[in-house]
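1. Got a predicted structure plus its sequence, pasted below:
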Amino acid sequence: MLTIRRGVTRTVILTRRHAVKVPSLRAYGGGIAGALWSICRGILANQAEAEWWRNADSKTRTMLCPVRWSLAGVVNVYPRCEPFEANDEQQLAMFDGNWRPLDPDPAPGDEKPDNYGWLTENGARRLVRVDYDMNWNGCPHDRSGAFNRLAELEAG
């Protein structure tokens, strides 16, 4: 059984054992340029997570969902995690920036319950970040500054 979820920049295909992230095709700003921007943004998001995982120290790795395999950012494969469900108070605190279930440094992106999941490995269950795309946050993959242009595209 496959389940498909769509994020801002990537589509996630969930199998029984794996989560597969591929770039989404969304035409930000319209037309071919917007579609190409979306594809590139998804590839860079996958590359950023693969790099973040590859370069993380052992403490940080305990807080991240492992990237099991990556094909140049076109496809990333992770173990599937169970959803993390925060109560209303936790969700509000996350939104306000007053609470993070995990604390990798630097913080990998926005705080919301959907970015976390329960990973079970070797009989142990732990909370991990399942979305830690850092390319808008100083990741080397954003050398061009292209992703700062999203606000410009959305503003018209």
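-> That came through fine.

2. now Ser70, what's its secondary structure?
-> When classified by DSSP: H, G, I helix; E, B strand; the rest coil, Ser70 comes out as strand.

3. Looks like it contacts Val77 (just checking).
-> Yes: assessed by CB atoms under 8 Å, Ser70 is found in contact with Val77 at 7.4 Å. Glycine gets a C-beta too; all of them are placed from N, C-alpha and C.

4. Mind checking which of the two has more residues around it?
-> The neighbour comparison of Ser70 against Val77 (other CB atoms under 10 Å) goes to Ser70, with 19 against 16.

5. Please report how far the closest residue to Trp53 other than its chain neighbours lies from Glu89.
-> Nearest residue to Trp53 in three dimensions, chain neighbours excluded: Val67, at 4.2 Å (CB to CB, 6 or more residues apart in numbering). According to CB to CB, to the nearest Å, Val67 and Glu89 sit 32 Å apart.

6. where does the residue nearest to Met1 when sequence neighbours are not counted fall, helix, sheet strand or coil?
-> Nearest non-adjacent residue to Met1, counting by CB to CB, 6+ apart: Arg16, 6.9 Å away. Recorded secondary structure, Arg16: coil (three-state DSSP).

7. would you say Gln90 is within a strand?
-> No: counting by three-state DSSP, Gln90 is not part of a strand but helix.

8. Count the neighbours of Pro113 for me.
-> Pro113, neighbours per other CB under 10 Å, totals 16.

9. which SS state does the closest residue to it other than its chain neighbours fall under?
-> Leaving out its chain neighbours, the residue that sits closest to Pro113 by CB to CB, 6+ apart is Ala86, at 4.2 Å. Look at Ala86: counting by three-state DSSP, its state is coil.

10. wait, doesn't Ala86 sit right on Glu111?
-> No: shown here, Ala86 and Glu111 do not form a contact pair, counting by CB under 8 Å, at 9.9 Å.

11. okay, the two: which has more neighbours?
-> Glu111 (21 against 17).

12. Could you look up the SS state of that one?
-> coil.

13. Now do it, the pLDDT please.
-> pLDDT for Glu111: 70.

14. ok, now how distant is it from Ile39?
-> Distance from Glu111 to Ile39, by CB to CB: 26 Å.

15. do Glu85 as well
-> Glu85 sits 32 Å away from Ile39, going by CB to CB.
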